[in-house]
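Chemist: pasting a predicted model and its sequence here:
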Amino acid sequence: MKKQIGIILLSFLAFSEAKAQHHLEQKFTRQDSLRGSITKERAWWDVKHYHLDIKVNPKDSTITGSNTIKYKVVEEYNRMQIDLQNPLTINKVIQDGVELKYNREGNAYFIDLVARQKEGSIKELTVFYGGKPKVANNPPWDGGITWKKDSNGNPFIASTCQGLGASVWWPNKDHMYDEVDNMLISVNVPGNLTNVSNGRLQSVKKLKDGTKTFNWYVSNPINNYGVNINVGDYVSFSEKYKGEKGNLDLSYYVLKDNLAKAKKQFKDAPRMLEAFEHWFGPYPFYEDSFKLVEAPYLGMEHQSSVTYGNGFENGYRGTDLSGTGWGLKFDFIIIHEAGHEWFANNITNKDIADMWIHESFTNYSESIFVEYFYGKQAGFEYVRGLRKKIQNDMPIIGTYDVNSEGSSDMYYKGANMLHTLRQIVDSDEKWRSILRGLNSTFYHQTVTTKQIEGYLSDHAGLDLQSFFDQYLRDTRIPTLEYFFKDNKMGFRWTNCVADFNMPVKIFINGKEQWLKPTTAWTNNTISVENPKLKIDPNFYVAEFNITE
């Protein structure tokens, strides 16, 4: 029977490799490169501040306004790339009172600057734009603007743009590598509605036409897709959380009819903070507070303005993704999306190809939330339960410089990769110090896979290159192949990268021991009659006994 299983496994792996090869052969366009690479027109300037000043008009589904961009000149040059996606258009660009010329190539606008851009100087310009932005057909996965109405007929509007890019609804330097240092978000809406965005509310101004402008200030660096608008007939309530850096303001915005349900369900927010501050370190944005905001879609990790649409019930839309029962002990959207405050918003990938840094750690955060409140075994069962969703169809890491993310396995396989790494580290306190160390070392930074791999290897005290090559860059499940013969056990890794050498914990007739296999056969002497081998189930690997 095991030989048959081995044949099935190899057939599956051959199919996976074929799909992965198809992914690698994917054709990319110049637009992909303009969107996903650090072009010459981007590289010479460092964005320091945005003032996004817009009017959201529910009657005709339009957004109009401007973005004033303050930047530091890193290298003298006179051509700037600003991104804005169809069907929105830039109408005018002003610097120092002079209207600038520009030309458009797809979603990239190239602006010709007149004033000298002296290295080290701080400059600014204002981009005016407007139109009907792309409608989000299936948010948050298919981004754009959602234009809905609540049960009372009031407009219920929100932005989502991960992957697609923030330029789907506002003009900016739309690449992950350069986060703006701080930001003012001014949103004008009808007077009966409220806009909630990132950071702290500075003021609300009533205009003569009956509209209101909400001014939100973000004092910390923020990635473009983390910026959001949420417009609705909101009510709010708040509390303070005594955290590692003092009192943290928690604010909750929900539609009027859902206030009672929210006051009960949102108790998971302080629980989330308790668990994640323990595992990851202090919440990274005390200065900007923490908000949960009801939205007309499932939810998203917008920085300090996490959006929520999970129906005020536990699990993922009422279901347990792990199939273990533990997933119904918490509200998935509150825990998962808020987990991104540490991995995505605090530590942000420079290139979307490395989005595993966001999703693997955050998917893993669900299991350590479970562990914190329900015990180690519960957390381990939860993350192992997610394995049934792993596809092993494409490498987790995508293609660089073309805005191409990798496989969806960055979620469930990525979480199990980290869970496996924890077993190798073999010390809970050391593992916790590594997770906290990541968030302090790379605090408010954009990073590469190389940096994260290097940190994990250095602080685990292990050479993890082949480990990451296997789980991030390959689609195969490493398989421990072994046999028993004449008081000896032979073992090796197969279905793996050439130099794979991960240690693994096994049990022979219930007795624990560690093996250090390589891709070559190794023999150990054993003194056990009728030996039966079992791999610790917390390692994401397969096994194959060639003697049966």
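Modeler: All right, it came through fine.

Chemist: go ahead and flag the most central residue of this protein.
Modeler: With distances taken as C-alpha atoms, centre = their mean, H358 lies nearest the centre of the chain, 3.3 Å away.

Chemist: might one say that that residue is in contact with N346?
Modeler: No: using C-beta atoms under 8 Å, H358 is not in contact with N346, being 10.5 Å away. Quick note: C-beta positions are derived from backbone N, CA and C, even for glycine.

Chemist: so where do the helices sit in the stretch 201-350 of the chain?
Modeler: Using DSSP state H, counting those that start in this stretch, the helices assigned to the stretch 201-350 of the chain run over residues 259-265, 268-280, 332-339.

Chemist: could you tell me how far the last one lies from the centre of the chain?
Modeler: Relative to its parent chain, helix 332-339 has a centroid offset of 11 Å by C-alpha atoms, centre = their mean, to the nearest Å.

Chemist: repeat for the longest one
Modeler: When C-alpha coordinates are averaged (C-alpha atoms, centre = their mean), helix 268-280 and its chain have centres 18 Å apart.

Chemist: and it, what other elements does it pack with?
Modeler: strand 234-243, strand 246-255, strand 290-294, helix 332-339, helix 356-374, helix 428-441 (3 or more C-beta pairs under 8 Å, 6 or more residues apart in numbering; DSSP states H and E).

Chemist: let's see it at 6 Å
Modeler: When contacts are defined as 3 or more C-beta pairs under 6 Å, 6 or more residues apart in numbering; DSSP states H and E, helix 268-280 packs onto strand 234-243, helix 332-339, helix 356-374, helix 428-441.

Chemist: what's around N107, how many residues?
Modeler: For N107, the count of nearby residues is 17 (other C-beta atoms under 10 Å).

Chemist: for F312, same thing?
Modeler: The burial count for F312: 17, using other C-beta under 10 Å.

Chemist: that one contacts K261, correct?
Modeler: Yes: counting by C-beta atoms under 6 Å, F312 touches K261, with 4.1 Å between them.

Chemist: for T449, which non-adjacent residue is closest in space?
Modeler: Closest residue in space to T449, ignoring its immediate chain neighbours: D354 at 4.7 Å, by C-beta to C-beta, 6 or more residues apart in numbering.

Chemist: same check, this time on K511
Modeler: Closest to K511 by C-beta to C-beta, 6+ apart is V528, at 7.9 Å.

Chemist: then G199?
Modeler: G199 sits nearest to V218 (C-beta to C-beta, 6+ apart), 3.6 Å away.

Chemist: L184 too?
Modeler: L184's closest residue in space is H51 (C-beta to C-beta, 6+ apart), at 4.5 Å.

Chemist: what's next to stretch 519-530, contact-wise?
Modeler: For stretch 519-530, contacts defined as C-beta atoms under 6 Å, 6 or more residues apart in numbering pick out N487, K488, M489, G490, F491, R492, W493, I508, N509.

Chemist: most neighbours among those residues, which one is it?
Modeler: Busiest of the contacts of stretch 519-530 [other C-beta under 10 Å] is W493, holding 23 neighbours.

Chemist: need phi/psi at that residue.
Modeler: phi -90, psi 140 (degrees, to the nearest 10).

Chemist: ok, E124 next?
Modeler: phi -150, psi 160.

Chemist: can you list the low-confidence ranges for the stretch 251-400 of the chain?
Modeler: Residues of the stretch 251-400 of the chain meeting the criterion pLDDT under 70: none.

Chemist: residues contacting G143?
Modeler: G143 neighbours (C-beta under 6 Å, 6+ apart): A136, T160, C161, L164, V168.

Chemist: meant to ask about E244
Modeler: E277, P282.

Chemist: can you show me the CA trace of stretch 69-80 as PDB?
Modeler: Provided in PDB are the C-alpha atoms of stretch 69-80 (Å, rounded to 0.1, in the frame of the first residue of the first chain):
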ATOM      1  CA  ILE A  69       3.300  65.000  -2.800                       C
ATOM      2  CA  LYS A  70       6.200  66.200  -0.700                       C
ATOM      3  CA  TYR A  71       9.500  64.400  -1.500                       C
ATOM      4  CA  LYS A  72      13.200  64.400  -1.000                       C
ATOM      5  CA  VAL A  73      15.500  64.500  -4.000                       C
ATOM      6  CA  VAL A  74      17.900  61.600  -3.800                       C
ATOM      7  CA  GLU A  75      19.500  62.200  -7.200                       C
ATOM      8  CA  GLU A  76      19.100  65.000  -9.600                       C
ATOM      9  CA  TYR A  77      16.600  64.200 -12.400                       C
ATOM     10  CA  ASN A  78      13.600  66.000 -13.900                       C
ATOM     11  CA  ARG A  79      11.100  63.300 -14.800                       C
ATOM     12  CA  MET A  80       8.700  61.700 -12.300                       C
END
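
Chemist: now, which of the contacts of G143 sits nearest N195?
Modeler: T160 (15.4 Å; C-beta to C-beta).

Chemist: how many neighbouring residues does that closest one have?
Modeler: T160 has 28 nearby residues by other C-beta under 10 Å.

Chemist: distance check, it against F539.
Modeler: Using C-beta to C-beta, to the nearest Å, T160 is found at 36 Å from F539.

Chemist: do the same with V402
Modeler: From V402 to F539 the distance is 34 Å (C-beta to C-beta).

Chemist: what does G315 give?
Modeler: Distance of G315 to F539, given as C-beta to C-beta: 27 Å.

Chemist: what of T494?
Modeler: On the measure of C-beta to C-beta, T494 and F539 end up 15 Å apart.

Chemist: gap between stretch 328-338 and the chain center?
Modeler: On C-alpha atoms, centre = their mean, the centre of stretch 328-338 falls 15 Å from the chain's centre.

Chemist: still on that earlier bit, which one of the helices and strands packed on helix 268-280 lies closest to I452?
Modeler: Comparing the helices and strands packed on helix 268-280 under C-beta to C-beta, the one sitting nearest is helix 356-374, at 5.7 Å.
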